[in-house]
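>>> sequence unavailable; structure follows:
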């Protein structure tokens with residue numbers, strides 16, 4: 001049966017066998033979602049925009065905060081001993097910048113999803129948010145994930161993957177891997 005509306009499914013949880021590759025793939029997915037978000041901002045009344053706005057609001061109001069929280073709680077603390085260039089401090093600043101327009105963007109998406117025009121300033125808020133999140137994702141790819149690749153042992157990576165799975169996709173990889 002065909003489902004109605006735009007959908008942005010999560011990545012396959014099997015990718016968490018390599019949690020850093022999973023995070024990199026999730027970052028690529030988020031960049032694609034930002035392009036859709038910009039499309040809604042450019043033409044909030046265009047055909048198909050209501051379903052797209054609804055899906056994007058779900059991502060921005062649920063999936064994205066869970067992803068960011070999972071990274072902050074599961075990965076970043078493990079990197080602190082190896083962070084000689086204060087990358088985590090810069091990451092915190094980039095995270096704060098990405099949070100600044102999130103609520104305005106989410107409110108605009110909810111209006112569009114309810115067949116209403118967004119408030120004035122929605123397009124500018126989307127552009128600021130998208131740019132801030134792109135900077136954050138690029139920094140994670142260029143600085144944070146390389147630190148993780150060098151600093152984390154295989155057991156640490158397995159724990160990171162299991163924790164991310166519990167926080168973002170609701171599965172317990174450690175439980176599944178135990179024999180019955």
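Received the coordinates, thanks. If you're wondering where the values come from, they're calculated on a predicted model, not measured in any experiment. Residues are numbered from 1 along each chain as shown.
>>> now for residue 115, how many residues are close by?
Using other C-beta atoms under 10 Å, residue 115 has 10 other residues around it. Just so you know, the C-beta spots here come from the backbone N, C-alpha and C atoms, and that holds for glycine as well.
>>> nearest residue to it in space, please, no chain neighbours.
The shortest distance from residue 115 to any non-neighbouring residue, by C-beta to C-beta, 6 or more residues apart in numbering, is to residue 50 (6.1 Å).
>>> wait, the one you found sits on residue 112?
Yes: counting by C-beta atoms under 8 Å, residue 50 does reach residue 112; the two are 6.5 Å apart.
>>> and the two? which has more neighbours close in?
Just comparing residue 50 and residue 112: by other C-beta under 10 Å the higher neighbour count belongs to residue 112, 24 against 19.
>>> in contact with the more buried one: list those residues for me.
Each residue near residue 112 by C-beta atoms under 8 Å, 6 or more residues apart in numbering is listed here: 40, 44, 49-50, 53, 118.
>>> tell me which element the residue nearest to residue 167 when sequence neighbours are not counted is part of?
Residue nearest to residue 167 in three dimensions, not counting chain neighbours: residue 70, with 4.0 Å by C-beta to C-beta, 6+ apart. For residue 70, the element it lies in under DSSP states H and E is helix 64-70.
>>> number of residues surrounding residue 105?
Residues lying near residue 105 (other C-beta under 10 Å) number 26.
>>> what's the distance between it and residue 39?
Using C-beta to C-beta, to the nearest Å, one gets 13 Å for the distance from residue 105 to residue 39.
>>> perfect, I'm done here.
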